[in-house]
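> After the sequence you'll find the predicted model.
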Amino acid sequence: QVQLVESGGGLVQAGGSLGLSCTASGTIFSFSNMGWYRQAPGKQRELVGSITSGGSTDYVDSVKGRFTISRDNAKSTVYLQMNSLKPDDTAIYYCHTNDFLGRDYWGRGTQVTVSS
C-alpha cells in the first residue's frame, strides 16, 4: 500500500518562504514520478509542479521562478521549496504519485497560509 505523508506547512507572511516535504512508503520511490498539487478554498485542485524519476521538473506558470521541487531517493522524499510567497498561494498542498497501473495516491495534505 502506497502511503504519502506531507509535512512542513504553516503560516508565513507575504514574501516569505516555506519548505514542504513528502515521504513515500510502499513504492519503489526512485522509479516514481511525483507531483505537488494545491487546493484553495472554493477552487479546484491544481497541479503546482512535478518531478520525474529522472529528476526533470515542470511547474505551473504562476509559481515558476518562485517554487522548486527536488527529491532525495535515499530518503524516499520529495520537497517543495516555496519562496516569495503570495496570499494567492494559500491552499492545502498535496503530494501525489501513481503506480504502474495508473492508480493515484494522495497524501492527506498540509495547510499553507500566506498573510498579506
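Cool, the structure landed.

> Specify the beta-bridge partners of the most centrally placed residue in the chain.
Within the chain, one residue has its C-alpha closest to the average C-alpha position: by CA atoms, centre = their mean, that is Trp36, at 2.8 Å. For Trp36, the beta-bridge partners are Gly49, Cys95 (DSSP bridges).

> quick one: contacts for it?
Taking CB atoms under 8 Å, 6 or more residues apart in numbering as the criterion, Trp36 is in contact with 20, 22, 47-50, 69, 78, 80, 93-96. Yep, even glycine has a C-beta here, placed from its N, CA and C like the rest.

> same thing with Glu46?
If you count contacts by CB under 8 Å, 6+ apart, Glu46 has them with Tyr37, Arg38, Gln39, Val60.

> The nearest residue to the third one once chain neighbours are set aside: neighbour count?
For Gln39, the nearest residue in space outside its immediate sequence neighbours is Arg45; the separation is 4.2 Å by CB to CB, 6 or more residues apart in numbering. Taking other CB atoms under 10 Å as the criterion, the count of residues near Arg45 is 15.

> Check what pLDDT Arg45 gets.
With respect to pLDDT, Arg45 scores 97.

> heads up, I number from 267, so please use that
With the count now opening at 267, the last piece we talked about shows up as Arg311.

> Would you confirm that it contacts Tyr360?
Yes. Arg311 sits in contact with Tyr360 when judged by CB atoms under 8 Å, with a separation of 7.1 Å.
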